[in-house]
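1. Quick one: sequence and predicted model below, then my questions.
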Amino acid sequence: MALTAGEGLLQTGKVFNAEMQLTEAGTYEYRFKFRDAHGAATGAPTRWQAGPTLEGAATAQIVSAMAAQTPHGGAQVVVALAGEAAVTARVLNVAGREVRTIARDRTLPAGVTSLLWDGRSDAGLPVPAGTYLIHLEAADRNGARSRAVAALVLRR
């Protein structure tokens with residue numbers, strides 16, 4: 001982490017800013033210790049100071065994912081999330097090639113949500129019967145990510 005110097009007062013010196021992305025739940029503390037081009041500054045580092053408390057920061061956890069064929073030859077994908085997250089859902093064939101993207105960075109709420117796939121490729125053509133994998137990736141505002149895969153057998 002690098003500190004960037006901003007404007008300040010002559011009597012107190014520069015104001016330093018640092019930005020950190022905290023993604024794990026917990027209580028954080030901080031302290032300062034300064035150095036200049038000639039070595040360590042005089043005096044002891046500051047005492048530990050109370051910092052922010054993050055509750056449930058890593059919420060992008062996919063709790064469960066499943067897929068089932070619908071009567072019209074498509075599929076319903078049911079995903080349960082621990083917290084709100086941007087979800088990308090891709091249909092892959094058994095060779096791992098992408099057949100269709102059914103959601104791209106779609107914000108879904110915490111809880112259970114259904115996504116529908118019409119059984120067609122990105123080109124709009126019906127896919128053949130067979131086994132497909134629904135690859136899900138969720139990312140929350142704090143940068144936490146999780147992935148899940150649900151298997152699907154399509155019968156025609």
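-> It's in.
2. What ranges does this protein have for its strands?
-> Remark: strands assigned in the chain by DSSP state E are 4-9, 13-17, 26-30, 35-36, 39-40, 49-54, 62-69, 75-81, 85-93, 98-108, 111-117, 130-139, 145-154.
3. mind checking which of the ones you listed is nearest Gly124?
-> Minimum separation from Gly124 across the strands of the chain (Cβ to Cβ) falls at strand 98-108, 9.6 Å. For every residue, glycine as well, the C-beta is placed using N, CA and C.
4. Mind giving me the packing neighbours of the closest one?
-> If you count contacts as 3 or more Cβ pairs under 8 Å, 6 or more residues apart in numbering; DSSP states H and E, strand 98-108 packs onto strand 75-81, strand 85-93, strand 111-117, strand 130-139.
5. That strand: which residues count as buried?
-> Going by neighbour count (16 or more other Cβ atoms under 10 Å), the buried part of strand 98-108 is 99-100, 102-103, 108.
6. same deal with stretch 76-90?
-> 77, 79-90.
7. Between the two ends of it, how far is it?
-> End-to-end distance of stretch 76-90 (Cα to Cα, to the nearest Å): 13 Å.
8. what about it, average pLDDT?
-> Stretch 76-90 carries an average pLDDT of 95.
9. in this protein, what spans have low per-residue confidence?
-> Within the chain, the stretches with pLDDT under 70 are 1-60.
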